[in-house]
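Engineer: Pasting the sequence and the predicted model now:
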Amino acid sequence: MNNPLVAIVEPGFFVNGPVHVALAIGGGAALISAVVGVFTVMRGQSFAGHALADVSSAGGSASLLFGIRPLVGFLVMAAIAAGGMEIIGARQVRERDLVTGVVLGAGLGLTALFLYLDATMTSASGAANTVMFGSMFAIAPSTVPLAVIVGVVALIMSGILYRPLLLVAIDPDLAAIRGVKVRWIGLAHLLVLAMAVALSAMTIGAILSTALLIGPAAAALRLASRPSWAIAIAATIGLTATWGGILLAYDSFYWTPGHGWPVSFFVVVIVFASYMVAGPTGTALARRRAAALPAPALVD
Amino acid sequence: MFSSFMVNTWIVASIVAATAGLVGFFVVVRGASFAAHALPLSTFPGAAAAALIGTNEIFGLVVFAGLGVIGIDVLSRRGRPEVATALTLVMLLGLGTLFLSQTREYSQEVYSLLFGQVLGISAADVGPITVVSALAAGGVLLLFRPLLLGSVSQDLAQAHGAVPRQVDLEFLVILAMASAVAVPVVGALLVFSLLVGPAAAARNLTDRPGVAMVLSMAISLITVWVAIALSYVTNWPVGFFVGGFGVVSYGVGHRARVLITLPHSARTLLQSRQ
């Protein structure tokens, strides 16, 4: 037992089936959430992102009732919510928040009903816990191909959307003048967002998927001034948080015998810590960048 | 439905609904929907923590609502407010999952805390809930002018000597109190519907703030009463009915607004043609 790695990685980590599935789907979810998250934070749509994730829980809980794959459930409901928000969609930020809120309330009401029916009509006990807070180690291996397809489609769409979405995020009016269909780009963004939150909801849970969507992106935007760098940094933070969280949760079975600590908890803590560290680091970086530039002429 | 064990539920639900309607009016005019969603949800781990260490549930809820306010306030000093809200929310919920994982008998509780439970109110809860609700309502009445001014124009509010940051913080505290007491009745996820739905409808029906506040309280009360009655009859969760009613009242309010303003705008259109 002199190997220091054993102290960090408890035995069996790399040969465990559920761990493999968790690493794959969790990693994919983190990657896509980070990419989409950067645009979401830049456009000031954190609330919309969170609302989509929450509403997707209605799909997750309905899937248990109808016996379809949870990922399909999460995905369909998130897409419906994205469409709903865009249709009612209002231009003013304040009105937009209100519409988001009303859609969110309706979705959560449905979740409440489906979870109640889950508990009474099927033998799915603890469904509320699974849907809301995730079940990283209980994902069916058969979900992996579908998750990969969703992930690849989301990444390709983000690639296509990269330039127009960036323009819309920075200045919607300018984008409209330059011939960008702002409304369609907005809807496409919400759809990619729906795919990202559906994948995250599978792993760390519907109401916690916001952590992977907003946290890494917000931290990265404090560090990088270029969007492409921000995306790269966000992806790194997201992957670190998810894989680190899975590792720590696996280890925690050995800390408190009998019941491990939830993956979601560790993921959130790592994401939160990186956001907190990114603040001062970003300020220091900006100062160094400013110092490297030639001093501006003093005006007054 | 009106038997003795339901009396506490009716009393508490009415207090909670009136407070939510009152505070909700400012949620809507100030555009604070995300905070109104995040604060109730952040209180949820408080109940889990209270169950773990065996203290009063309301106490745990209020403490975590306080943590939510501190988190949002401190983080939004250095970053975007909505990012601050999102991160505070997930951090507290993350703690919640940790607390839940340490107990085994809790999974039924999770459901009723998130989505509400009619029968969950004991006689011991009535006192604390009344006091906290009264504090929230008192806060709203005391800060009525700065709260309203800030929502119309920050500059105007500043000219009248209000400090926007301070008013924001005071409003968060009021919102946190209203949220904490509503959680045991309608559930952490759907307190939000009660805060936004009735107030949004009321705002569409009238432009006068005082009337809108009263209207919002009335719609909120009706929503909760009907939701509890339906929940009692069908055994379905209260939250489902509250959420559904939120959408219906928003939709009706929106229609009504069109109907109210339509004759007016038609008349101005005609006048401009002449």
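Structural biologist: Looks like it arrived, so ask away.

Engineer: CA only for contacts and neighbour counts going forward, please
Structural biologist: Noted.

Engineer: can you pull the contacts of the residue of the stretch 151-274 of chain B found nearest chain A?
Structural biologist: Closest residue of the stretch 151-274 of chain B to chain A, C-alpha to the nearest C-alpha: residue B:240 (3.9 Å). For residue B:240, the set of contacting residues under the criterion of C-alpha atoms under 8 Å, 6 or more residues apart in numbering or on different chains consists of A:108-113, B:115.

Engineer: nearest spatial neighbour of residue 37, skipping sequence neighbours?
Structural biologist: This is for chain A. Take residue A:37 and drop its neighbours on the chain: the residue closest to it by C-alpha to C-alpha, 6 or more residues apart in numbering or on different chains is residue A:213, 4.8 Å away.

Engineer: was after chain B, sorry
Structural biologist: Residue B:37 sits nearest to residue B:192 (C-alpha to C-alpha, 6+ apart), 5.1 Å away.

Engineer: Could you do residue A:106 as well?
Structural biologist: Nearest non-adjacent residue to residue A:106, counting by C-alpha to C-alpha, 6+ apart: residue B:243, 5.0 Å away.

Engineer: Run a quick neighbour tally on the closest residue to chain B within the stretch 151-300 of chain A.
Structural biologist: Proximity to chain B, evaluated over the stretch 151-300 of chain A using C-alpha to the nearest C-alpha, is greatest for residue A:265 at 4.5 Å. By other C-alpha atoms under 10 Å in any protein chain shown, the residues close to residue A:265 number 26.

Engineer: quick one, what contacts residue A:102?
Structural biologist: Contacts for residue A:102 were tallied using C-alpha under 8 Å, 6+ apart; they are B:193, B:196-197, B:246-247, B:250.

Engineer: quick revisit: output the contacts of residue B:240 in a markdown table, with neighbour count and pLDDT appended to each entry.
Structural biologist: Putting the contacts of residue B:240 into a markdown table (neighbours: other C-alpha atoms under 10 Å in any protein chain shown; pLDDT from 0 to 100) gives the following:
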| residue | neighbour count | pLDDT |
| --- | --- | --- |
| A:108 | 28 | 87 |
| A:109 | 27 | 86 |
| A:110 | 24 | 88 |
| A:111 | 28 | 87 |
| A:112 | 31 | 85 |
| A:113 | 21 | 87 |
| B:115 | 30 | 78 |
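
Engineer: How about the contacts made by residue A:232?
Structural biologist: Neighbour list for residue A:232: residue A:35 [criterion: C-alpha under 8 Å, 6+ apart].

Engineer: secondary structure element for it?
Structural biologist: Under DSSP states H and E, the secondary-structure element containing residue A:232 is helix A:227-255.

Engineer: and that helix, which residues are buried?
Structural biologist: Within helix A:227-255, the residues that count as buried by 16 or more other C-alpha atoms under 10 Å in any protein chain shown are A:227, A:230-252.

Engineer: Also stretch A:142-152?
Structural biologist: Buried residues in stretch A:142-152, defined by neighbour count with 16+ other C-alpha under 10 Å: A:144, A:147-148, A:150-151.

Engineer: ok, and what's touching it?
Structural biologist: Surrounding stretch A:142-152, the residues in contact under the criterion C-alpha under 8 Å, 6+ apart are A:21, A:24-25, A:28-29, A:32, A:69, A:71, A:195-196, A:199.

Engineer: dump the residue contacts of the closest residue in space to residue A:55 that isn't next to it in sequence.
Structural biologist: Counting by C-alpha to C-alpha, 6+ apart, residue A:107 is the residue found nearest to residue A:55 once chain neighbours are left out, at 4.7 Å. By C-alpha under 8 Å, 6+ apart, the contact set of residue A:107 is A:54-56, A:58, A:81, B:243.

Engineer: what does the stretch 201-300 of chain A have sitting close to chain B?
Structural biologist: Taking C-alpha under 8 Å from any C-alpha of the partner chain, the part of the stretch 201-300 of chain A that reaches chain B is made up of A:207-208, A:210-211, A:214-215, A:218, A:259-262, A:264-266, A:268-269, A:272, A:279.

Engineer: Could you identify the helix or strand that succeeds the lowest-mean-pLDDT helix or strand in chain B?
Structural biologist: Among the helical and strand segments of chain B, the one scoring lowest on mean pLDDT, DSSP states H and E is helix B:154-159, with a mean of 68. Taking DSSP H and E as the definition, the helix or strand that follows helix B:154-159 towards the C-terminus is helix B:164-186.

Engineer: just how off-centre is the helix or strand following that following helix within its chain?
Structural biologist: Of the helices and strands lying after helix B:164-186 in sequence (DSSP H and E), the nearest is helix B:191-205. Remark: helix B:191-205 is offset 9 Å from the chain centroid, using C-alpha atoms, centre = their mean, to the nearest Å.

Engineer: Could you look up the SS state of the residue lying closest to residue B:189 once chain neighbours are set aside?
Structural biologist: Across the structure, with C-alpha to C-alpha, 6+ apart as the measure, the residue nearest residue B:189 apart from its sequence neighbours is residue B:114 (5.4 Å). Secondary structure, DSSP: H, G, I helix; E, B strand; the rest coil: residue B:114 is helix.

Engineer: where does chain A dip in pLDDT?
Structural biologist: Residues of chain A meeting the criterion pLDDT under 70: A:1-15, A:89-94, A:123-126, A:257-258, A:293-300.

Engineer: Quick check: the residue of it nearest chain B.
Structural biologist: The nearest approach of chain A to chain B comes at residue A:109, 3.9 Å away (C-alpha to the nearest C-alpha).

Engineer: At which residues are the helices of chain A located?
Structural biologist: With DSSP state H as the criterion, chain A has helices at A:4-8, A:17-42, A:46-66, A:70-88, A:93-121, A:127-133, A:144-170, A:172-177, A:182-204, A:209-223, A:227-255, A:263-292.

Engineer: ok, now which ones touch residue 190?
Structural biologist: As the question left the chain open, I've gone with chain A. When contacts are counted by C-alpha under 8 Å, 6+ apart, residue A:190 is found next to A:79, A:82-83.

Engineer: hmm, I had chain B in mind actually
Structural biologist: With C-alpha under 8 Å, 6+ apart, residue B:190 has these contacts: A:105, A:108-109, B:114-116, B:239, B:242-243.

Engineer: Equivalent analysis for residue A:21, please.
Structural biologist: Applying C-alpha under 8 Å, 6+ apart, the residues contacting residue A:21 are A:137, A:139-141, A:144.
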